[in-house]
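A.B. asks: Sequence and computational prediction follow.
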Amino acid sequence: MNVLGELWQSTVGKKALVAVSGLGLWIWVVLHVLGNLTMFSGAAAIDGYAAALQRVPAGLWAARAGLATAAVVHVAGVVSLARASRAARPRHAAPAPRTASALAARTMRVGGALLLAFVGYHVLHLTVGVLHPGFTPGRVYDNVVVGLRPAWVAAVYVAAAALLGLHLFHGLWAAVRSLGLRPEAAAGRRRPAVAVLAAAMAVGFAAVPIAVLAGWLR
């Protein structure tokens, strides 16, 4: 705990904690996307997958606790770093170049807040059944299809997927740099790989609401 406290007290250490927690959240995103894609194998596959998770409640709650801890560390670290950066910023700083990574960096804070709000809505909507027109516990396939059938709901999920992709594009790039794992000589070659990873996550999340809206999942 003392080590974590010392890391939190320094800007470099705090950036490392944000990076590690962000990578942990990214691993969860990958697993969540893979789980979502079992929707395309039918109701038995996704419902069976969900039932298998429920059969190991200790592991499930441990994963939730780890996820919640990573989210708290990540959000608190980003907010703290943003405040420190704003306090140290010159009043008449030159505008940042309008590149894709610069756009992602500028939208990280707003995008992160919107993603956090969406996660809350998503949990209430498809896990608890709040604001859901026909929620039935244990019937994941039906809950997803019925819940995403309204066009505006599907649009919210697709927009959140796009926001997630932009967030990951900058976040994964920054995490590797914060941990000192990105040689500058290889920086240009790795940017396309980061973009592909971020786009894959966005497409994976958007695939289900788009398929429901198009009538491919019913």
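C.D. replies: That came through, no problem. Residues are numbered from 1 along each chain as shown.
A.B. asks: in the chain, what secondary structure element scores lowest on mean pLDDT?
C.D. replies: Taking mean pLDDT, DSSP states H and E as the measure, the helix or strand of the chain with the lowest value is helix 2-9, at a mean of 72.
A.B. asks: Which SSE is immediately downstream of that one?
C.D. replies: Heading C-terminal from helix 2-9, the first helix or strand you meet, by DSSP states H and E, is helix 11-37.
A.B. asks: all helices of the chain, in order?
C.D. replies: If DSSP state H is used as the criterion, the helices of the chain fall at 2-9, 11-37, 43-54, 57-88, 100-123, 140-148, 151-178, 187-214.
A.B. asks: TSV for these, including distance to Gly129?
C.D. replies: In short, each C-beta sits where N, CA and C put it, glycine included. Supplementary listing: the helices of the chain in TSV, determined by distance: least, C-beta to C-beta, whole Å:
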stretch	distance to Gly129
helix 2-9	37
helix 11-37	18
helix 43-54	14
helix 57-88	18
helix 100-123	10
helix 140-148	7
helix 151-178	14
helix 187-214	17
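A.B. asks: Dump those helices into CSV; add distance to His132 and mean neighbour count as well.
C.D. replies: CSV is the format used below for the helices of the chain (distance: least, C-beta to C-beta, whole Å; neighbours: other C-beta atoms under 10 Å):
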stretch, distance to His132, mean neighbour count
helix 2-9, 39, 10
helix 11-37, 17, 16
helix 43-54, 16, 14
helix 57-88, 21, 13
helix 100-123, 11, 15
helix 140-148, 5, 20
helix 151-178, 9, 19
helix 187-214, 14, 17
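A.B. asks: among those helices, which gets the worst mean confidence?
C.D. replies: Set side by side, the helices of the chain show their lowest mean pLDDT on helix 2-9, which sits at a mean of 72.
A.B. asks: Next, Arg55: phi, psi?
C.D. replies: With angles defined as degrees, to the nearest 10, Arg55 sits at phi -80, psi -10.
A.B. asks: Just give the number of residues close to it.
C.D. replies: Using other C-beta atoms under 10 Å, Arg55 has 8 neighbouring residues.
A.B. asks: Which pLDDT does the model give it?
C.D. replies: Per the predicted model, pLDDT is 90 at Arg55.
A.B. asks: any idea how far it lies from Gly48?
C.D. replies: As judged by C-beta to C-beta, to the nearest Å, Arg55 and Gly48 stand 11 Å apart.
A.B. asks: Also Ala195?
C.D. replies: Spatial separation of Ala195 from Gly48 under the definition C-beta to C-beta is 34 Å.
A.B. asks: for Gly165, same thing?
C.D. replies: If you measure Gly165 against Gly48 using C-beta to C-beta, the figure is 29 Å.
A.B. asks: How about Val18?
C.D. replies: Counting by C-beta to C-beta - Val18 and Gly48 are separated by 36 Å.
A.B. asks: Quote the end-to-end distance of stretch 50-66.
C.D. replies: Stretch 50-66 stretches 19 Å from its first residue to its last (C-alpha to C-alpha, to the nearest Å).
A.B. asks: And for it, what's in contact with it?
C.D. replies: Identification of contacts with stretch 50-66 by C-beta atoms under 8 Å, 6 or more residues apart in numbering yields Gly24, Gly138, Val140.
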